[in-house]
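Undergrad: show me the folded form of this:
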Amino acid sequence: MKNTRDKLYEVIFEADTKEGKAFDVVLLFVILLSIALVMLESVPFVREDYRSILRIMEWTITIIFSIEYILRVIIVKKAFKYIFSFYGIIDFLSVIPTYLGLFLIGTHSLVVIRILRLLRVFRILKLTRYTHAGRTLARAMWASREKISVFIFFVVTIVVIVGTVMYLVEGEPHGFTSIPRSIYWAIVTLTTVGYGDISPQTSLGQFLASVVMILGYAIIAVPTGIVTAEMMKSTSESNTQVCPSCLHDKHDDDAVFCKKCGARLNP
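TA: Down below sits the predicted model:
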């Protein structure tokens with residue numbers, strides 16, 4: 001029984017074997033198919049003409065995800081740790097909307113059902129678990145969280161200052177009716193989106209807008225450089241082992257024990 005459990009753990013949580021890689025490929029296909037179904041269901045004529053087929057496919061996918069979720073809970077040593085982890089919550093959100101739709105019956109529940117069914121789009125977050133590139137990007141984002149937080153604080157400070165100055169310079173006659181609305185303009189301009197619904201009319205305001213636009217190009221490059229630097233550090237990581245005790249997954253290729261909790265890894 002223990003050998004079977006260890007084998008299932010290696011297949012489901014890791015990708016060092018042919019079975020594990022095959023499992024990842026199948027789950028990738030099912031996830032992509034599920035997202036495609038959610039999108040197709042939002043098309044009126046597809047929803048009406050192929051309702052039965054869509055329902056059968058959706059329930060088939062839901063059952064597959066349910067079996068996967070149950071197996072993960074059973075074979076992991078610390079079930080509650082997995083259930084309340086990021087991927088555990090994502091796995092739960094992947095199956096629960098379809099089941100809740102069975103209990104919410106009646107016209108008053110149509111809006112709730114629609115929202116719940118749209119929650120199935122969260123299945124796309126499962127993709128990062130089954131792709132090496134997705135895991136690398138997720139780790140790089142997490143490793144650079146402090147630098148990105150400082151950067152976001154810096155950007156927020158800029159838009160607040162610029163928005164306040166533009167409110168004083170342009171004023172209500174030119175559409176800058178309040179500081180929050182002026183901050184909205186600053187965000188749109190700084191991100192180089194430029195909706196054009198609000199625009200400065202005075203020479204000073206236009207000069208300030210030009211400075212903000214040029215600054216926007218420089219700001220776009222900053223987070224890209226931060227994340228890229230972290231990704232370069234993690235490109236050499238190829239180990240897919242996940243600790244069966246604490247679910248930590250950043251191990252060296254020759255690791256025998258978990259570097260976080262000390263538990264023995266699967267051979």
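
Undergrad: farthest from the middle of this structure: give me that residue.
TA: Relative to the centre of the chain, and counting by CA atoms, centre = their mean, the farthest-placed residue is Ser203 at 42.6 Å.

Undergrad: please identify the buried residues of stretch 145-163?
TA: Lys147, Ile148, Val155, Ile158, Val159, Val160, Val162, Gly163 (16 or more other CB atoms under 10 Å). Glycine gets a C-beta too; all of them are placed from N, C-alpha and C.

Undergrad: name the residues of stretch 17-26 that are buried.
TA: In stretch 17-26, counting by 16+ other CB under 10 Å, buried: Gly20, Phe23, Asp24.

Undergrad: let me fix that: stretch 167-186
TA: Quick answer for stretch 167-186 (16+ other CB under 10 Å): Tyr167, Val169, Glu170, Phe176, Arg181, Ser182, Ile183, Tyr184, Trp185, Ala186.

Undergrad: now do the same for the fifth one: helix, strand or coil?
TA: The local conformation at Arg181, judged by DSSP: H, G, I helix; E, B strand; the rest coil, is helix.

Undergrad: how many residues are close by Thr228?
TA: Thr228: 11 surrounding residues under other CB atoms under 10 Å.

Undergrad: setting the sequence-adjacent residues aside, check what's closest to it.
TA: Leaving aside its sequence neighbours, Thr228 sits nearest to Ala140 (CB to CB, 6 or more residues apart in numbering; 8.0 Å).

Undergrad: isn't the one you found right next to Glu230, touching?
TA: Yes. With contact defined as CB atoms under 8 Å, Ala140 reaches Glu230; the gap is 3.8 Å.

Undergrad: re the thing from before, closest to Val11 among the buried residues of stretch 167-186?
TA: Tyr184 (50.1 Å; CB to CB).

Undergrad: average pLDDT across the helix or strand in which Arg139 is found?
TA: Assigned by DSSP states H and E, Arg139 falls within helix 132-143. For helix 132-143, mean pLDDT is 71.

Undergrad: and stretch 216-225, by the same measure?
TA: Stretch 216-225 shows a mean pLDDT of 78.

Undergrad: could you do stretch 149-157 as well?
TA: 88.

Undergrad: which residues sit against it?
TA: With contact meaning CB atoms under 8 Å, 6 or more residues apart in numbering, stretch 149-157 is reached by Leu190, Ile219, Val222, Pro223, Ile226.

Undergrad: now the third one. Nearest residue, chain neighbours left out?
TA: Counting by CB to CB, 6+ apart, the nearest residue to Val222 once its immediate chain neighbours are dropped is Phe151, at 5.7 Å.

Undergrad: roughly how far does the one you found sit from Gly163?
TA: Noted for Phe151: a distance of 18 Å to Gly163, by CB to CB, to the nearest Å.

Undergrad: excluding its backbone neighbours, what's nearest Cys246?
TA: According to CB to CB, 6+ apart, the nearest residue to Cys246 is Cys261 (4.3 Å).
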